[in-house]
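# I would like to see how this sequence folds:
(chains A and B)
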Amino acid sequence: MRGVRLAGVVLMASLVAPACAARWERTPGVQVLPEIDVDRHVRSVEPATDPTKATGSDNSFRSRRLSFSLPDGWNQVWRENDLLVSRDGVFLQHILVERIHVDQTGGLDGRFSLATISSKQWPVRTVPYMKKRLAPGMSPFEVAEVVLESRRNNPGITDLVAGEVVPREVAGNPGFMVAYDFRVTVATLKTPYRSVYYGFLKDKWLYGISYTAARRYYFERDVGTFEAVMRSVRVVD
Amino acid sequence: MFNGGGIMLNALGQIKIFGLLSSASDRTADPRRFRTARSAVVACLLALTQAVATGCASAPYRTHPELSRRTESIRVVGLLPPAISSFEEQARYKLVPNDNGSRAANETVRAAFRDEMAAQGRPLVLLGDDDPDVKDVSDLFGAVDYTVLRHDFQRGLGNENDEPFPGRDPSFDYTLGPIKELMERHRVDAVWCVIGFNLVPNAWAQAGDAAQYLMAVVTALGNSPVQPMVQMKYELRAALVDKEGQVLFLIRINEGNVSRFPEGPLEEPEPRVGGGETSGPPEEPMPRDLRDPKTARRLVRGLMAEYDKVSGR
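Numbers count the residues shown, from 1 in each chain, chains lettered A, B, ... in the order given. Presented below is the predicted three-dimensional model:
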């Protein structure tokens, strides 16, 4: 009987485990990303250096919600607190929405361990490779440089060539746009990619929305869809 | 005694086999011991069922819904430079990229394609990386191949690394974008894109594999199922792409399904490809080594046979 029970447990575990993992979802139309609360994480890193942090009265620990409209046929999945949206697959094209607190130095908890394999293998992450820190009041150019510096420090990225940082209004906020080409060094791929990154700093949060696709064919094919998504982005108060 | 197992992909897209070993055949007079042994058999059968459901039951290829129509006009086919990644497998499944091994495997697979197509009387044009467009298409194919494996190949089979897109049209529809100019320049109607991996275990890894099996057998004698992990040593994936860039046919051949493809005699002795630019004596390729011409030829012959079957040639 012991063997049968063991077999049952093994079988159930193998059946249940995949169901617990994050799954791609398809919900076209307007999406509202919930706010992120980094209070606990930032406090643990920098305990009470600021009196407002100690009292917990500073709302800057909470990001704003973001709303935008997703196109038909695109799929979404969470990677920690980043939202990845793709039509064909992360390594062909995707839109990445990230929100980063200025005091954030590492990833937040939650969904990473359950993230889908492809989203975990995609090597582009901003926070872990930031050597320069974000600070309230930074100009859009300075913020863009922090993001680009993170890309340069990322061992999963190679052959990075960045274009000019262009000031852009993003969701009604003064921000920037920068395009860059690169290759990844993961999964034995040599595919060249192109990214367009829109970002703005509001209160103590960087809001970054980027589109990345294989430079051949896929970038041009879907960049129009990304521009439509960008036009729909709103900060929800 | 190998009774069963499960199959999973690891981060590199390699397949791991998890096997269960037991001593179920040891039916002693002790009824309690026999019950335990029988339970172990049940456990193994369940695991085997699962393995069949997740791995063996799936066809090794995917085809575009218009494969037959689109392949009618294909006469001359090109071959992009293969992209086999070779790794030295060290102890504890540590993989170290082996550039020389990759080069040698790519040369061997390329030669296998050339020889097999010639033997079948099919025209083949070998395309080189000196054409930047060829390199671009090859590089993009890597991402398309990754995407197919992740989102399409295992669909519906419950593989834990499967990432199906909900509501996606189930037909096999992947593209590299139009590549008509490239093909007309090289006077071909379609191209084969080839990618894969090859793990060549060093002495420590081989000893580790052997020890795992030995330990499993010993433990199984005590009626405790254990799970030795043995990695697939090679996989070859090949896709036929037409002028519109549509992937018409994509096949994966590896240790898990190579038995489908019979070992046929080779027409003539194959030139042996060495270990690339290594100094000293060349490494001796093993049967599970894509640098081995016979292995490469068998895989190429197998994939062509499957292609002919599904395309109705």
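# all helices for the chain, in order.
No chain specified, so I'll use chain A. Assigned by DSSP state H, the helices in chain A fall at A:2-20, A:39-45, A:51-55, A:117-121, A:140-153, A:218-232.
# wrong one, chain B
B:31-51, B:67-71, B:99-119, B:132-148, B:180-185, B:203-221, B:293-311.
# could you measure residue A:87 against chain B, distance?
Separation of residue A:87 from chain B (Cβ to the nearest Cβ, to the nearest Å) stands at 9 Å. C-beta: built from backbone N, CA, C; applies to glycine.
# ok, that residue - contacts?
A:71, A:73-75, A:93, A:222, A:225 (Cβ atoms under 8 Å, 6 or more residues apart in numbering or on different chains).
# and residue A:68, how many neighbours?
21 (other Cβ atoms under 10 Å in any protein chain shown).
# brain fart, residue B:288
16.
# Roughly how far does it sit from chain A?
Taken as Cβ to the nearest Cβ, the span from residue B:288 to chain A is 19 Å.
# Could you list the low-pLDDT ranges of the chain?
In the absence of a named chain, chain A is used. Flagging of chain A using pLDDT under 70 yields the residue ranges A:1-4, A:6-21, A:39-59, A:106-114.
# right idea, wrong chain: chain B
B:1-58, B:154-161, B:213, B:216-231, B:262-287.
# Grab the longest strand from chain B for me.
Using DSSP state E to define each element, chain B has its longest strand at strand B:190-201.
# Name the nearest residue to the residue in the stretch 101-250 of chain B that chain A sits nearest to, sequence neighbours excluded.
With Cβ to the nearest Cβ, the shortest gap between the stretch 101-250 of chain B and chain A falls at residue B:177, namely 2.8 Å. Among residues not flanking residue B:177 along the chain, residue A:217 sits closest, at 2.8 Å (Cβ to Cβ, 6 or more residues apart in numbering or on different chains).
# you'd agree that neighbour is up against residue B:245?
Yes. Residue A:217 is within contact range of residue B:245, at 7.2 Å (criterion: Cβ atoms under 8 Å).
# Show me whatever sits in contact with both of the two.
Counting by Cβ under 8 Å, 6+ apart, the residues touching both residue A:217 and residue B:245 are B:175-178.
# Now restrict the residues you listed to buried residues only.
B:175-177 (16 or more other Cβ atoms under 10 Å in any protein chain shown).
# Tell me the one among the contacts of residue A:87 nearest to chain B.
Using Cβ to the nearest Cβ, those come closest to chain B at residue A:75, 4.7 Å.
# List the beta-bridge partners for that closest one.
Beta-bridge partners of residue A:75, counted by DSSP bridges, are residue A:86.
# right, and it touches residue A:86 too?
Yes. When contacts are counted by Cβ under 8 Å, residue A:75 is listed as touching residue A:86 (5.9 Å).
# what's near enough to touch the residue of the stretch 101-250 of chain B closest to chain A?
A:216-218, A:221, B:140, B:245 are the contacts of residue B:177 under Cβ under 8 Å, 6+ apart.
# What separation do you get for it and residue B:144?
With distances taken as Cβ to Cβ, to the nearest Å, residue B:177 is found 10 Å from residue B:144.
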